[in-house]
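1. only geometry, no sequence info:
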């Protein structure tokens, strides 16, 4: 794989500029005067992945936010409950992971509402980070739409863990909302990168906090 230059790496990690124009009041980065970072996870709960992530978070006394799929919450309720019991926040990531740019509005809203039955949270993150302007306007009436400041790209099976770690290390800053994925596909990259991230942030004096659900 041809290495990316620093400029390309930054552009890969940050949301496209058009997002902040179209989805202008979504949450990309938390406002804080303290050294605090907000780690987030998409697509769980996943046995053999989410539980290992929770173990690492516990080791470093870190809190995080898990944006869960409704179908996975139904399938693995004990793992979902563990997230809550250990002081993490959870968010709605839809029921079945539809692409907002390709899914009719009625179907998309139904999918989100189905997830809402098992995920009691005021947070929502769209799968793939994709929402139409209309979908966004409707959903922000019910949710705080959370996007990101740093995307680890851990879901890309063509990348090495070290590359994903470089993205996180070079782009995470005070108030950053960092995206990982607690899925089977992402696990070979997510887990080692998460451990390095937790160790690095701890040594640098950062607190790792969950995004409030309300």
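-> Noted; the coordinates are in hand. Remember, it's a predicted structure, so these values are computed and weren't measured experimentally. Numbering: from 1, shown residues only.

2. Pairing partners for the lengthiest strand in the chain, with directions?
-> Counting by DSSP state E, the longest strand found in the chain is strand 36-42. When sheet partners are counted by DSSP bridges, strand 36-42 sits next to strand 65-68 (parallel), strand 177-181 (parallel), strand 207-208 (parallel).

3. Do a quick rundown of the helices in this structure.
-> For the chain, the helices defined by DSSP state H occupy 6-13, 17-22, 50-59, 70-75, 77-85, 105-116, 133-139, 161-171, 187-203.

4. Could you list the buried residues of the longest strand of the chain?
-> 37-42 (16 or more other CB atoms under 10 Å). Backbone N, C-alpha and C define where each C-beta goes, glycine included.

5. Specify which member of those residues is nearest to residue 71.
-> residue 42 (13.7 Å; CB to CB).

6. I'd say that closest one and residue 93 touch.
-> Yes. Counting by CB atoms under 8 Å, residue 93 is a contact partner of residue 42 at 5.7 Å.

7. How about the contacts made by residue 71?
-> 95-96 (CB atoms under 8 Å, 6 or more residues apart in numbering).

8. how much space is there between it and residue 101?
-> 21 Å (CB to CB, to the nearest Å).

9. Now for residue 140: which residues touch it?
-> Contacts of residue 140 by CB under 8 Å, 6+ apart are 25-26.

10. do the same with residue 40
-> 64-67, 91, 125, 146, 148, 177-180, 211.

11. cutoff 7 Å now
-> The contact partners of residue 40, by CB atoms under 7 Å, 6 or more residues apart in numbering, come to 64-65, 67, 177-180.

12. Nearest spatial neighbour of it, chain-adjacent residues omitted?
-> Distances taken as CB to CB, 6 or more residues apart in numbering put residue 65 closest to residue 40, at 4.6 Å, once the chain neighbours are dropped.

13. The one you found and residue 209 touch, don't they?
-> No. Judged on CB atoms under 7 Å, residue 65 makes no contact with residue 209 at a distance of 8.9 Å.

14. hmm, back to that, adding distance to residue 166 and pLDDT, write the buried residues of strand 36-42 out as TSV.
-> Listed next are those as TSV, based on distance: CB to CB, whole Å; pLDDT from 0 to 100:
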residue	distance to residue 166	pLDDT
37	17	98
38	20	98
39	17	98
40	19	99
41	20	99
42	20	98
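
15. nearest to residue 56, of the residues you listed?
-> For those, the nearest to residue 56 is residue 39 (10.2 Å; CB to CB).

16. Model confidence score at the residue lying closest to that closest one once chain neighbours are set aside, please.
-> Excluding its sequence neighbours, the residue lying closest to residue 39 (CB to CB, 6+ apart) is residue 64, at 4.3 Å. Looking at residue 64, its pLDDT is 98.

17. Offset the numbering so it begins at 385, please.
-> With the count now opening at 385, the last piece we talked about shows up as residue 448.
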